[in-house]
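*Asks:* any chance you could fold what I've pasted below:
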Amino acid sequence: TGLMLLENTHLHKSNLLKLHSFYLLWLNEGEEFVKIAKRTSRGASLSQKCLDPSLLTSGPFNSAKSTILMSGTLKPGTAYRDLLGLERHRTIIKEYLSPFPEINRRDFIINGVTTKYEKRTDEQLSRIALTVEKILLLDLKTAVFFPSYDLLKKILEKVNTSKPIFVQEEGMSPSKARQVLEEFKSDEDAVLF
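*Replies:* Numbering: from 1, shown residues only. I've put the predicted structure just below:
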C-alpha cells in the first residue's frame, strides 16, 4: 500500500503517514482519552483530550533527580501533585505570599463571570471582557492574567480600551517577554495581558 511505501522509504514528513499514525493512536488509546469527531466549515476534524495527565507526566517527573514546578494561580498544591502523578514522599509543596506591597495591589473578586472550561461561551467571554474594561476605567496600571493563551486571545479580541496594551504571547522568547514587561513598566497607564 501507499503507507508501506512511505514507511519503507522513510518519508516521515508525509501528511498521509502523519494522519495514519494519529488515526491508529486515536483508535487504540484507552478510556483515559476522550475522542472527539466533529464537522467543521472545512470538513471534519478528529482530536483527543487526555483526561489523566499523569499518564504522560508521572514518568518524566518521578524519574528526574529534581523538578521545580511553579504557578502563580494553581491551588491547592496537593491537587496538582496528584493530578500530575508526583510521588508524595518526594514532593514538597510550598506557598508564598505576594512580594508586592499591599498598597500597590488592588484585588477584585467578581461574581457572575467564570473561566471554567465548560462555561466558556461567547456570552461568558463577552462578560469577562466587559468586566476587564470596567477595571481598566480605573486609573491604575493593570495586569490581567488568564489560565491559557487561548483564553487570553479570545477575551482580548473583545476588550475595547484606549490604554496602551502589552501582550505576552505564547512561545515568546524570554528576552522578548522581558522587553514587553519593560515597555509595560515604563508606560504609566498601560495594561499587560
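*Asks:* assign the nearest residue to Asp189 once chain neighbours are set aside to helix, strand or coil.
*Replies:* Using C-beta to C-beta, 6 or more residues apart in numbering and skipping residues adjacent in sequence, the residue nearest Asp189 is Lys163, 5.6 Å away. C-beta here means a position set from N, CA and C on the backbone, and glycine is covered the same way. Three-state call for Lys163 (DSSP: H, G, I helix; E, B strand; the rest coil): coil.
*Asks:* give me the phi and psi angles of the closest residue to Glu170 other than its chain neighbours.
*Replies:* Nearest residue to Glu170 in three dimensions, chain neighbours excluded: Tyr149, at 3.9 Å (C-beta to C-beta, 6+ apart). Main-chain torsions, Tyr149, degrees, to the nearest 10: phi -70, psi -30.
*Asks:* so what pLDDT did Tyr149 get?
*Replies:* Here the pLDDT value assigned to Tyr149 is 91.
*Asks:* how about stretch 137-153: buried residues?
*Replies:* For stretch 137-153, a neighbour-count test (16 or more other C-beta atoms under 10 Å) marks Thr142, Val144, Phe146, Leu152 as buried.
*Asks:* gap between it and the chain center?
*Replies:* Distance of stretch 137-153 from the chain centroid (C-alpha atoms, centre = their mean, to the nearest Å) equals 14 Å.
*Asks:* endpoint to endpoint, it covers what distance?
*Replies:* Criterion C-alpha to C-alpha, to the nearest Å; first-to-last residue distance in stretch 137-153 is 21 Å.
*Asks:* again, but for stretch 110-118
*Replies:* 19 Å.
*Asks:* ok, which stretches of the protein are helices?
*Replies:* All helices of the chain, identified by DSSP state H, fall at 2-8, 15-28, 54-63, 77-84, 122-136, 149-156, 174-186.
*Asks:* and the gap between the residue nearest to Glu170 and Lys163?
*Replies:* 21 Å (C-beta to C-beta, to the nearest Å).
*Asks:* over to Leu24?
*Replies:* 50 Å.
*Asks:* more neighbours: the two, which one.
*Replies:* Lys163 (16 against 10; other C-beta atoms under 10 Å).
*Asks:* so who does the more buried one touch?
*Replies:* Lys163 makes contact with Leu136, Thr142, Asp189, Ala190, Val191, according to C-beta atoms under 8 Å, 6 or more residues apart in numbering.
*Asks:* could you redo the last one with a cut-off of 10 Å?
*Replies:* The contact partners of Lys163, taken as C-beta atoms under 10 Å, 6 or more residues apart in numbering, are Glu133, Leu136, Leu137, Leu140, Lys141, Thr142, Asp187, Asp189, Ala190, Val191.
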